[in-house]
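**Student:** build the 3D model from these lines:
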Amino acid sequence: MFVRLKSVQSNRRRYQYLQIVENRREGAKVRQHIVGNLGRLDELLERGELEQVITQLVEHCPSVKLLRAQAAGGLSLEADRLWGPVLILERIWEELGLGKLLRGLAARKQKRFDFDWERMIFAQVLQRLLEPGSELRGSQWIQTVHEPAFEALSLAHFYRSLGWLWQKKHEIERSLYRRELDLFNAELELVFFDTTSTYFEGRRLAGWAKLGKSKDHRPDHLQLVIGVVMRRDGFPIACEIWPGNTADVRTLKPILDALRTRFAIGKVVLVCDRGMVSAANLEALEAAGYQYIVGMKMRGLAEVRDEVLGRAGRYHEVDEALQVKEVHIDERRYVICYNPDEARKDEHDREAIVAKLREKLASGGVKRLINNRGYRRYLKLAGERTSVDERALKAEARYDGKYVLRTTTELPAEEVARAYKDLSWIERLWRELKAVMELRPIFHWRKRENVKGHIFVCFLALHVAAFLRRRLAQAGLKLPWDEVIRDLSQLRAVLVKLDGERYLMRSPLKGCAGQVFAALGVKVPPLAQPA
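**Tutor:** Residues are numbered from 1 along each chain as shown. Prediction:
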């Protein structure tokens, strides 16, 4: 709808009439229809009626009224809160079915919460994705977010919500798994397994959290090991938690049991890296009926080092960065993957080390070299004499640009290699999302259930983030996560007061925010509306 000036010739004079017009589609054409005639423009101006009409229309249009009042300095600001990410992530929350599911779980609880449990979990997921930090920090931050239900939530509710969330973990995981299969109509063929660790400040959880090999490079802190099973498209399926001294190879069987019993997953190919490989794990995989693609240690396993890598045969080129070769040892199938670019880089790096090594040997700095692992494997010690080990250099060159996979699948070798490369993508995504959510460190927990619930909140945040990525990709948008969150966060909810009435205004859309709203099908709020 718009205003149009219509010129009319009468008695050799030209008059302009003011009309309100709207476009209407009639078949394949768009035609203009007059909604109302306001009269001749010169008469409206002469009698002052045009200004009166505009003033009355403005009274019924909050956005124009407030913009005029803002320009005149007549607005009273009450609050300025974060809004954009809440609108988008709320849509994802509901499309995943989490809102309905959590509200249903809370309704079935024997002793009801005296706060909105579903909103409390949603608030914590928002915090993980937007403003990660402690629960104390979170209880303060949610009061800066435009979501009326958050106003009644406090720090005590953060703590009280987590233990029961963990109790409902299996039911929530199963519901999300089924929901995602329905949403994307995708059969599960490959699953990827990866672990990380998270450490604690303090010793309150000693006996459960334990010292172990820290992936955060904090071996002096108590920690837990967290394992996550993910789909090929980056959606997490399940997470498990173990004491911090649990080796990666001991985490695989519980995950297999979960896939079989809780998700009724039968035929599936499990993809995991070298850290998960042990004879017992491979036997467990085969006994459970799972096919697998696993990375193998090239130097530490005699069969791989001596027989697989030593087997003659030509490589098949998949693309410029990948060549593959199959090797069969009895009934065991291996795929050797070779990247020419990585091979040149490995050779260059080794040559740089050796050049530095020869320089140090010439200057007499032998003791330092022996204590350096990077140098020591290229040294040959013969009594008091130390020299470069040429045989070790030649042996090391056999590994340049290569990695070895073992598989029980019948997939072509190039598909096996691509599946394992997908694991690298999943691991990168996992690291990126962990950085976004700031899972660690955990500072002050006293109850195990609260710690587990905190970790499961991060797991739910992974789901929400993966869904947003999926929807943006479907819309053809390849946007960095930090850019999406930054631009959405510039959409603010501003509460103002004018002439005793309260209004809700929004700030303009900036950057990619409009594209994200369109991709998710979320309606952009009006510039102003009664609060």
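**Student:** neighbouring contacts of stretch 117-128?
**Tutor:** For stretch 117-128, contacts defined as C-beta atoms under 8 Å, 6 or more residues apart in numbering pick out 85-86, 89-90, 93, 98-99, 102-103, 105-106, 109, 133, 138, 141-142, 145, 147, 149-150, 153, 157-158, 161, 164-165, 436-438, 457-458, 460-461, 464. The C-beta positions use only the backbone N, C-alpha and C, and glycine is treated the same way.
**Student:** before we move on, what about stretch 391-408?
**Tutor:** 277, 282, 285-286, 291-296, 298-299, 304, 308-309, 332-347, 350, 354, 377-378, 380, 416-417, 420.
**Student:** need the longest helix for this structure.
**Tutor:** helix 448-474 (DSSP state H).
**Student:** can you name the next helix or strand after that one?
**Tutor:** Later in the chain than helix 448-474, the nearest helix or strand by DSSP states H and E is helix 481-489.
**Student:** in that following helix, what counts as buried?
**Tutor:** For helix 481-489, burial by neighbour count (16 or more other C-beta atoms under 10 Å) applies to 481, 484, 485, 486, 487, 488, 489.
**Student:** now do the contacts for the second one.
**Tutor:** With contact set as C-beta under 8 Å, 6+ apart, residue 484 has these partners: 468, 472, 512, 516.
**Student:** okay, and the beta partners of residue 23?
**Tutor:** Residue 23 has the following beta-bridge partners by DSSP bridges: residue 32.
**Student:** which residues in the stretch 201-350 of the chain form helices?
**Tutor:** In the stretch 201-350 of the chain, the helices defined using DSSP state H, counting those that start in this stretch lie at 252-261, 279-287, 302, 340-363.
**Student:** where does pLDDT dip in the stretch 151-300 of the chain?
**Tutor:** The stretch 151-300 of the chain contains residues with pLDDT under 70 at 182-189, 201-207, 209, 212, 214-217, 248, 266-267.
**Student:** neighbouring strands - and their directions - for whichever strand or helix holds residue 496?
**Tutor:** Per DSSP H and E: residue 496 is located in strand 492-498. Using DSSP bridges, the strands paired with strand 492-498 are strand 76-82 (antiparallel), strand 501-506 (antiparallel).
**Student:** what about the closest residue to residue 259 other than its chain neighbours, how many residues nearby?
**Tutor:** Closest residue to residue 259 apart from its sequence neighbours, by C-beta to C-beta, 6 or more residues apart in numbering: residue 265 at 4.5 Å. Residue neighbour count, defined by other C-beta atoms under 10 Å, stands at 18 for residue 265.
**Student:** go on, residue 89?
**Tutor:** 23.
**Student:** shouldn't it be within a helix?
**Tutor:** Yes: counting by DSSP: H, G, I helix; E, B strand; the rest coil, residue 89 is part of a helix.
**Student:** break the chain into its domains for me.
**Tutor:** According to automatic domain parsing, the chain comprises the domains 1-60, 169-339+402-446, 341-397.
**Student:** so which of those domains is the most packed in?
**Tutor:** domain 169-339+402-446 (a mean of 17; mean count of other C-beta atoms under 10 Å).
**Student:** who touches the helix or strand harbouring residue 174?
**Tutor:** For residue 174, the host element (DSSP H and E) is helix 169-184. Residues outside helix 169-184 that contact it (C-beta under 8 Å, 6+ apart) are 95-98, 101-102, 105, 186-188, 231, 233, 235, 237-239, 262-263, 452, 456, 460, 463, 470.
**Student:** helix or strand right after it?
**Tutor:** Following helix 169-184 toward the C-terminus (DSSP H and E): strand 190-199.
**Student:** note down every partner strand of that following strand and its orientation.
**Tutor:** strand 223-231 (antiparallel), strand 269-272 (parallel).
**Student:** tell me the angle the longest one makes with helix 169-184.
**Tutor:** Same thing as strand 223-231. 30 degrees (axes from the mean of the first three to the mean of the last three C-alpha atoms, to 10 degrees).
**Student:** please save the CA atoms from strand 223-231 in PDB.
**Tutor:** What follows is strand 223-231, C-alpha atoms only, in PDB (Å, rounded to 0.1, in the frame of the first residue of the first chain):
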ATOM      1  CA  GLN A 223      39.700 -34.100  34.600                       C
ATOM      2  CA  LEU A 224      37.000 -36.100  32.900                       C
ATOM      3  CA  VAL A 225      37.100 -37.800  29.500                       C
ATOM      4  CA  ILE A 226      34.100 -37.000  27.200                       C
ATOM      5  CA  GLY A 227      33.300 -39.100  24.200                       C
ATOM      6  CA  VAL A 228      30.900 -38.000  21.400                       C
ATOM      7  CA  VAL A 229      29.400 -40.000  18.600                       C
ATOM      8  CA  MET A 230      28.600 -37.900  15.600                       C
ATOM      9  CA  ARG A 231      26.900 -38.400  12.300                       C
END
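**Student:** can you map out the strands along the stretch 301-450 of the chain?
**Tutor:** 316-319, 322-329, 332-338, 379-382, 385-388, 402-407 (DSSP state E, counting those that start in this stretch).
**Student:** what's the spacing between the second one and its chain's center?
**Tutor:** Here the centre of strand 322-329 is set off from its chain's centre by 34 Å, with C-alpha atoms, centre = their mean, to the nearest Å.
**Student:** got a list of contacts for it?
**Tutor:** By C-beta under 8 Å, 6+ apart, strand 322-329 touches 303, 307-308, 311, 313-318, 333-340, 413-414, 416-417, 421.
**Student:** thinking again about what came up before, which among the contacts of stretch 117-128 end up buried?
**Tutor:** Applying 16+ other C-beta under 10 Å to those flags 85-86, 89, 93, 98-99, 102, 105-106, 138, 141-142, 145, 147, 150, 153, 157-158, 161, 164-165, 436-437, 457-458, 460-461, 464 as buried.
**Student:** of the residues you listed, which belong to helices?
**Tutor:** Going by DSSP H, the helices hold 85-86, 89, 93, 98-99, 102, 105-106, 138, 141, 157-158, 161, 164-165, 436-437, 457-458, 460-461, 464 from the buried ones among the contacts of stretch 117-128.
**Student:** quick check, residue 138 in contact with residue 129.
**Tutor:** No: assessed by C-beta atoms under 8 Å, residue 138 is found out of contact with residue 129, at 11.7 Å.
**Student:** need the contact list for the closest residue to residue 146 other than its chain neighbours.
**Tutor:** Residue nearest to residue 146 in three dimensions, not counting chain neighbours: residue 493, with 3.6 Å by C-beta to C-beta, 6+ apart. Residues in contact with residue 493 (C-beta under 8 Å, 6+ apart) are 79, 80, 81, 82, 83, 146, 504, 505, 506.
**Student:** I'd guessed residue 339 sits against residue 321; true?
**Tutor:** Yes: if you go by C-beta under 8 Å, residue 339 and residue 321 touch, sitting 5.3 Å apart.
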